[in-house]
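1. sequence and predicted model, in that order:
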Amino acid sequence: MILGNFRPELRNLPVYLPYDSVFIVSAILFSFTSGYCSSLVMMYAPKCVAPNDSANAGMVMALFLVFGVLCGINFSRVWGIVIGSG
């Protein structure tokens, strides 16, 4: 996003990737790999702890998954400010 053509009328940073196809392909690749890996972790991590702790492990993993999504959403706002004020 920083190197791409994000908000071309407001940005002060140079554009190194003028084509959106590079960003789209990387987003698709990242979504498949991240989704696959996070699904594997969510399935197998509760099996790695003691059986009486597996429910707590699942809840903690879900908490941090949601926390990571919220941090990513809010961090994208920070990048918008950085790119605009560059």
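-> Thanks, I have it. Numbers count the residues shown, from 1 in each chain.
2. pLDDT below threshold where in the protein?
-> Where the chain drops to pLDDT under 70, the residues are 1-4, 6-7, 84-86.
3. would you map the strands across it?
-> Here the chain has no strands by DSSP state E.
4. Gly35 and Gly68, how far apart?
-> 13 Å (CB to CB, to the nearest Å). To be clear about C-beta, it is placed using only N, CA and C from the backbone, and glycine gets the same treatment.
5. correct me, but Leu13 touches Trp79?
-> No. Using CB atoms under 8 Å, Leu13 makes no contact with Trp79, being 10.6 Å away.
6. biggest helix in this protein by residues?
-> As assigned by DSSP state H, the longest helix anywhere in the chain is helix 54-85.
7. packing partners for that helix?
-> Helix 54-85 sits against helix 20-44, with contacts defined as 3 or more CB pairs under 8 Å, 6 or more residues apart in numbering; DSSP states H and E.
8. give me the number of residues near Val60?
-> Here the number of neighbours of Val60 (other CB atoms under 10 Å) works out to 13.
9. Thr33 too?
-> 10.
10. cool, and the one 3 residues further on?
-> By other CB under 10 Å, 10 other residues sit near Tyr36.
11. against Phe64, how distant is it?
-> Taking CB to CB, one finds Tyr36 at 18 Å from Phe64.
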